[in-house]
Structure formats: structure tokens, C-alpha cells
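Predicted model and sequence follow; I will ask about them next.
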Amino acid sequence: MGSTSSTLLKIPNAEVLMQETGFSPAHIIRLHDRFKALDKEGRGYLCPQDFGAIKELAMNPIGDRIIGAFFSPGKETVDFSTFVKILAHFRPVDKDRPKEPNSPEPINSRSNKLKFAFQLYDQDKDGKISRDELLKVLRAMLGMQVTEEQLESIADRTIQEADLDRDEAISFEEFRKSLEKVNIDHKMSIRFLR
Amino acid sequence: MPGYCAVLLQLNLLDYFSFCFQWATLRMERGAKEKNQHLYKPYSNGIIAKEPVSLEQEIQEMRRGGAEPEFDMSDIFYFCRRGVESIVDDEVTKRFTAEELESWNLLTRSNYNFHHISTRLTALWGVGVLIRYGILLPLRVTLAFTGVGLLVVLTSVVGLFPNGRIKNYLSDKVHLMCYRICVRALTAIITYHDSENKPKNGGICVANHTSPIDVIILASDGCYAMVGQVHGGLMGVIQRAMVKACPHIWFERSEVKDRHLVAKRLSDHVADESKLPILIFPEGTCINNTSVMMFKKGSFEIGCKVYPVAIKYDPRFGDAFWNSSKFGMVNYLLHMMSSWAIVCSVWYLPPMSRMEGEDAVQFANRVKAAIARKGGLADLLWDGGLKRGKVKEVFKEEQQKLYSKVLVGSSEDRSRS
């Protein structure tokens, strides 16, 4: 890329971040500005309340789950590195990136996008979406608009269709299989402008 | 004739400034290119492209065609993506920070590219600092003190007169003169459009709010009755003096909560034809002048004529937006007085009244849309109160309702089969 601009130098680990996430320098700078704008008190990290202050996120039915995805278990804060890496999941898939056998899978691969979506369902992180967890998500997305029975019937039907090994829960593999025809790249990608 | 020359002179000064600013930006771009780097250009249209696809469309698309809509594990993708999009860039947060400029106006506070400044540019900037802080600021502060001082003294003097035509005449003259001095104190270059629509007695004037200066700008061209909370200190002194000369509406802190009391006082004032039109800013808080946010319906329930006014500042010469969470009032005024100039345009729109079958909220939105259109501002549904408050549950419910409509309709068919 040539010489790094000095604004980029102000950002810690910018080079490493660009390597790992595939964001361009311009993107990293913009994201850093966004990070600073959300970090109103200038502490250098974000906490759940900072995310909660985003109005459009607060009105999203699964807003708190999305916020939760940024915080690793046990951690109460998100630094800029983690912020960018999580957002990297939503970069469109790089179609012409050569597949090097030993390089780690890119953060925005189809599989990783699916994993991100899976964890929105699987809140206790046991690797399976139980009936209960499914009901909770349905309740979040539908609110008071449907009855308990309707919710349960939707949940039962979904598990019946996706659960191939009959263990009353949906594992990640079953999740992936049930979505194999969906254009994940399109649905789980955000177009970052130059 | 002299006024005309003054305007011509002022115009040329502004053009000269514009030229300087363009040159400054070009120099920075050149500096950046020489070092083989990218100039950080703040995009005014965001960092991501948001597709305006509705919830229904998205869900239909995801149903791999044919099959009737029923819940699918992939439905969560829509909400997930929307959520992350709003984390990266949301419509509301950016309205509460100062507008980003395409070219640098030689004020440090709006520069993101310090390292690209060449020696020549730094010299120019240095000269600018000298002029602004050494010459302009002291002049302006003196004028400001004069203006405020005169306002307090003269209104008290006018207050000694018996109520009548002479008192009203004097009060108008005094108010106008003092506000005009304050306008000079800020070097505000204001262009008033459509003055034939200026607010008249017995009406309410509503305008979009960017800074406390809005009051001075409007009040230097016409006489209004102000509305506000009683303050202590200097503000309180000014308020008490002003009310001696002509009736303004000052509320005690406790009275502000009582909406009926507020509405009653406003309607009583409006009903009296001899009293001046009331000046109100329905957004309730300062917005950064790129958009107009939701108008509080209180002023629109009174049932009198509403005179909308649009105020648009030109941010190239000095940003008038008051970010009250970042800067206090004194800091803000110092910023204002050390900028080059405050340039703005004021449009007086024709009066509007509530139509048959229209409720206060719809009326408020209609007025808001008219103001936004005239001033070239974005018309937003969001509440200015969102600067500090939480989103109402109602918005979340809307999303849930939409989604359930897509699903439940189909599960009913299912249960029939």
C-alpha cells in the first residue's frame, strides 16, 4: 500500500487490523471516528450503554443480542480492535481472494457469518439452539403480536424441519444445512463505501 | 445607498474568504499527494450504503420463492444486518455533532488533517489567529457587553412609562436596537427573505433551532414576545428588565411541568391582539442545522396562526451549532466571537393554520416539512429529545408488528389445512 498516513498511525495496531479484517485504511479511519463518536466519554473502550445509546439499535427487536455479540463472555468492555473485528464479519465476501491452504479463514467467510448469526440464537453458547432459546428469539422478534401457542407451534415446526439427529436442538451443522440455499453473503453483508 | 455599499462590501469580503478556504484545501490536497497519502475527506453521506429495502420485501426475498411465508432461521439476518448497520452509521447521532465540511475554513476546530499543512498555509492560519483573537474578539466582546448593558438599562427606563402606545413604540425601538448591536457583536451577516410574511400580533412564530443565537437573529428584525424558563444570575437580570418594557412569558421551573398551565398562558397571550407574536422553538433542543427534528406538539394545540421561519447557517465561516453536551455557554460564545463571521439566511414562510380534521401532531409535521423544504434541511421523524432520552418502546413494537404481519397471516392458513 505504500506509506501509511499519519492519521492511521494514531490508531493502535492499524496494520495488523487491516491484515486480519481486510478493511482498507480509509475504512479503519472512518470506523475509528465512529468508535470515538460512540465513546462519548473518551475512555478508549465501549460498554453496553454506549451501544444502547444508538436509537436505531434500541428499537431493533434483537438489539440487545447484537450488542451482546460484541462482548466476549466475562468482558464488560470492547476495545477498538474487537470492535473492528466483529464488524469485519459483515464485509462482503472477497470472491477473488486466493485460497492459501495454511492461512486462517477470513473473518467474513460464509462460515463465520453463519457462526455470528448462530450465536445470536445460542445465548448460553453450548453449541446448540434449544427449543427454549428459539422461543426467546421468536418472542423478541414478534413481541406481543402473537400468542404463546402460535410461538410454540412455530418453534416446534422449525425444530422438526431442521433437527436431523432428533436431539430436540439445532446444532451448528444443522443450522448451516438448513440455510445452505440462502445467499448468506448478500444477507449478512454491509456495503462499505470507499 | 450606504446600506447597499455595506452589503456589497460584505459580500466581497465573504467571497475573498471563500477563495482563501478553497486555496487552503487545495494546498492540503497537494501536500497529501506529495507524500503519497490519502487526504481524509469526511464524506457527508456516510460510510456505508444502506439499502432502503423494507422488512416485507426482505422476508419475501428470503423465502426461496414459492413456499408460503413462515418463520425461517434466516429471518434473523434482516434484523441483525440492520442492527449492525446502525452501529456503524445511524441517522440520529450524527445530527448532534457539528456538520463536517468539505473544505477547511482555517479554524483549528474543524481541521482533521493537521499534518498536511505546509509552511505557507501555517503562516496564513497564524495571521488568521492574530486577526481573530487580537482584533475581532475584543471588538466583539465590547459590543456584546454594550448591547446587553443597554438592553437592561433602557428596558428598565421604558418600564417607567405608563402602558400605552408610546411605551410599546419605545419598547420595540429599544429591543431592536439592542439586538442589532448584539448581531454586530457576532458579526452575523443575515439575509432575510420574504419579509412580507413576517409574524404579526396574535400569532406564534416557530423556527428550527440550532443555537441560542437564533433568538438574536430573529429578534433583530422583528419584535417578539419571548418564552422561557426563569433563570438566575445575569440571564435573570436581563429577563426581569425585558419584561418591564413589554410582556414576555417567563415560566418558573415548577410551572414548566404543568402543560395545561403553559398552554393557558400562551393562549391568553395570543388572544390579546396588542401583544407581540410569541417566538417558540418546537424542537426543544439545538440540532446541528442539517435537519429538522420532531416538533413538540404543545405550540400547535393553541389554535392560532402559526408563522413558520426557517433559519439556515452557512457553516463555512463559523459553525453556529451549540453542542451543549460538549461545550458550555461561555465557551460557545467565545467560539462564536472568534470565528470569521456567522452567515445565515432566514426565510419567513406564509402563515399556516390548523386544518379541519387535522390533529396537533399532523399540523406540527406539516409545518416542520415546510420549514425543512425551505431551508434545504432534511426532514426527520426522530425526536430531538433523543439527544438525551431513550427510544420509546413504541418504535420497537412497530418493527415487531411488521414482522408478525408477514408471518402470522400465513400460519393461519396453515392451521386451516
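Nice, thanks for sending it over. Numbering: from 1, shown residues only, chains lettered A, B, ... in the order given.

Tally up the residues packed near residue 76, please.
Went with chain A since none was named. Residue A:76 has 8 neighbours, counted by other C-beta atoms under 10 Å in any protein chain shown. (Each C-beta comes from the backbone N, C-alpha and C, glycine too.)

if you could check chain B rather than the one you did, that'd help
Other residues near residue B:76 number 24, with proximity taken as other C-beta under 10 Å.

near chain A at all, whichever strand or helix holds it?
Counting by DSSP states H and E, the element that carries residue B:76 is helix B:76-88. Yes - judged by C-beta under 8 Å from any C-beta of the partner chain, helix B:76-88 comes into contact with chain A through B:76-88.

Need the residues you listed in JSON lines (columns: pLDDT).
As requested, these are exported to JSON lines (pLDDT from 0 to 100):
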{"residue": "B:76", "pLDDT": "84"}
{"residue": "B:77", "pLDDT": "86"}
{"residue": "B:78", "pLDDT": "84"}
{"residue": "B:79", "pLDDT": "86"}
{"residue": "B:80", "pLDDT": "88"}
{"residue": "B:81", "pLDDT": "87"}
{"residue": "B:82", "pLDDT": "85"}
{"residue": "B:83", "pLDDT": "87"}
{"residue": "B:84", "pLDDT": "88"}
{"residue": "B:85", "pLDDT": "86"}
{"residue": "B:86", "pLDDT": "85"}
{"residue": "B:87", "pLDDT": "87"}
{"residue": "B:88", "pLDDT": "86"}
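
sorry, back to before: quick one: buried residues of the next helix or strand after the helix holding residue B:76?
On the C-terminal side of helix B:76-88, the nearest following helix or strand under DSSP H and E is helix B:119-129. Across helix B:119-129, burial judged by 16 or more other C-beta atoms under 10 Å in any protein chain shown covers B:121, B:124, B:125, B:128.

go on, stretch B:261-280?
Judged by neighbour count (16+ other C-beta under 10 Å), stretch B:261-280 contains these buried residues: B:262, B:265, B:266, B:269, B:270, B:275, B:276, B:277, B:278, B:279, B:280.

Those residues in helices, which ones?
Secondary structure defined by DSSP state H assigns B:262, B:265, B:266, B:269, B:270 of the buried residues of stretch B:261-280 to helices.

pretty sure the third one is in contact with residue B:300, am I right?
No - taking contacts as C-beta atoms under 8 Å, residue B:266 lies outside contact range of residue B:300: 10.9 Å.

so the residue nearest to the spatial centre of chain A is in which element?
Centre of chain A computed as the mean C-alpha position; nearest residue by C-alpha atoms, centre = their mean is residue A:116, 4.5 Å away. Counting by DSSP H and E, the secondary-structure element that holds residue A:116 is helix A:110-121.

Where does residue 181 sit, in terms of helix or strand?
No chain in the question, so chain A it is. Per DSSP H and E: nothing holds residue A:181, as it lies in no helix or strand.

my bad, chain B
Once you assign secondary structure using DSSP H and E, residue B:181 falls within helix B:165-185.

re earlier: out of the ones in helices among the buried residues of stretch B:261-280, who's near chain A?
Intersecting these with the surroundings of chain A, defined as C-beta under 8 Å from any C-beta, gives nothing.

Show me what counts as buried in stretch B:331-338.
In stretch B:331-338, the ones that count as buried by 16+ other C-beta under 10 Å are B:332, B:333, B:334, B:335, B:336, B:337, B:338.

Nearest to chain A among those residues?
Using C-beta to the nearest C-beta, residue B:332 is the member of the buried residues of stretch B:331-338 that lies nearest chain A, at 18.1 Å.

Any figure for the gap between that closest one and residue B:320?
Noted for residue B:332: a distance of 9 Å to residue B:320, by C-beta to C-beta, to the nearest Å.

what do those two both touch?
Counting by C-beta atoms under 8 Å, 6 or more residues apart in numbering or on different chains, the common neighbours of residue B:332 and residue B:320 are residue B:211.

now the helices for chain B?
When assigned using DSSP H, the helices of chain B occupy the ranges B:2-34, B:55-62, B:76-88, B:119-129, B:137-159, B:165-185, B:213-219, B:233-245, B:253-257, B:259-271, B:329-337, B:360-375, B:393-416.

Columns distance to residue A:20 on top of the ones you listed, output as TSV?
TSV is the format used below for these (distance: least, C-beta to C-beta, whole Å):
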stretch	distance to residue A:20
helix B:2-34	27
helix B:55-62	30
helix B:76-88	18
helix B:119-129	37
helix B:137-159	49
helix B:165-185	54
helix B:213-219	47
helix B:233-245	54
helix B:253-257	53
helix B:259-271	55
helix B:329-337	41
helix B:360-375	43
helix B:393-416	33
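
And these: which comes nearest residue A:188?
Between residue A:188 and these, the tightest spacing by C-beta to C-beta is seen for helix B:76-88, at 5.5 Å.

any low-confidence regions in chain A?
A:1-7, A:96-102, A:194 (pLDDT under 70).

Give the closest residue to whatever residue of the stretch 51-200 of chain B ends up closest to chain A in space, chain neighbours not counted.
Of the residues in the stretch 51-200 of chain B, the one nearest chain A is residue B:86, at a distance of 3.7 Å by C-beta to the nearest C-beta. Take residue B:86 and drop its neighbours on the chain: the residue closest to it by C-beta to C-beta, 6 or more residues apart in numbering or on different chains is residue A:56, 3.7 Å away.

Going along the chain, name the strands of chain A.
Chain-ordered strands for chain A, with DSSP state E as the definition, fall at A:128-130, A:169-171, A:191-192.

elements contacting the second one?
Taking 3 or more C-beta pairs under 8 Å, 6 or more residues apart in numbering or on different chains; DSSP states H and E as contact, the helices and strands that strand A:169-171 lies on are strand A:128-130, helix A:148-162.

still on that earlier bit, for the ones in helices among the buried residues of stretch B:261-280, give me JSON lines that also has pLDDT.
Output for these, formatted as JSON lines (pLDDT from 0 to 100):
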{"residue": "B:262", "pLDDT": "79"}
{"residue": "B:265", "pLDDT": "84"}
{"residue": "B:266", "pLDDT": "84"}
{"residue": "B:269", "pLDDT": "86"}
{"residue": "B:270", "pLDDT": "85"}
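
how's chain A carved up into domains?
Residue ranges for the domains of chain A, per the TED database: A:12-89, A:104-184.

Looking at the ones you listed, spot the one closest to residue B:179.
With C-beta to C-beta as the criterion, residue B:179 lies closest to domain A:12-89 of those, at 34.9 Å.

Next one: residue B:397 from chain A, what distance?
Note on residue B:397: its distance to chain A, by C-beta to the nearest C-beta, to the nearest Å, is 6 Å.

Please tell me the pLDDT value assigned to that residue.
According to the predicted model, the pLDDT of residue B:397 comes to 75.

what's near enough to touch it?
Applying C-beta under 8 Å, 6+ apart, the residues contacting residue B:397 are A:143, A:144.

Could you report the neighbour count for the closest residue in space to residue A:88 that isn't next to it in sequence?
The shortest distance from residue A:88 to any non-neighbouring residue, by C-beta to C-beta, 6+ apart, is to residue A:21 (3.6 Å). A total of 22 residues lie near residue A:21 under the criterion other C-beta under 10 Å.

Run through the residues that contact residue A:21.
Going by C-beta under 8 Å, 6+ apart, the list of residues near residue A:21 reads A:84, A:85, A:87, A:88, A:91, A:107, A:108.

One more pass at 10 Å, please.
A:27-28, A:31, A:81, A:84-89, A:91, A:106-108 (C-beta atoms under 10 Å, 6 or more residues apart in numbering or on different chains).

How much space separates it from chain B?
As it turns out, when the distance is counted by C-beta to the nearest C-beta, residue A:21 lies 13 Å from chain B.

Distance check, that residue against residue A:80.
According to C-beta to C-beta, residue A:21 and residue A:80 sit 12 Å apart.

any idea of the pLDDT on the nearest residue to residue B:322 once chain neighbours are set aside?
On the basis of C-beta to C-beta, 6+ apart, the spatially nearest residue to residue B:322 that is not a chain neighbour turns out to be residue B:211, at 4.3 Å. Among the per-residue scores, residue B:211 shows a pLDDT of 81.
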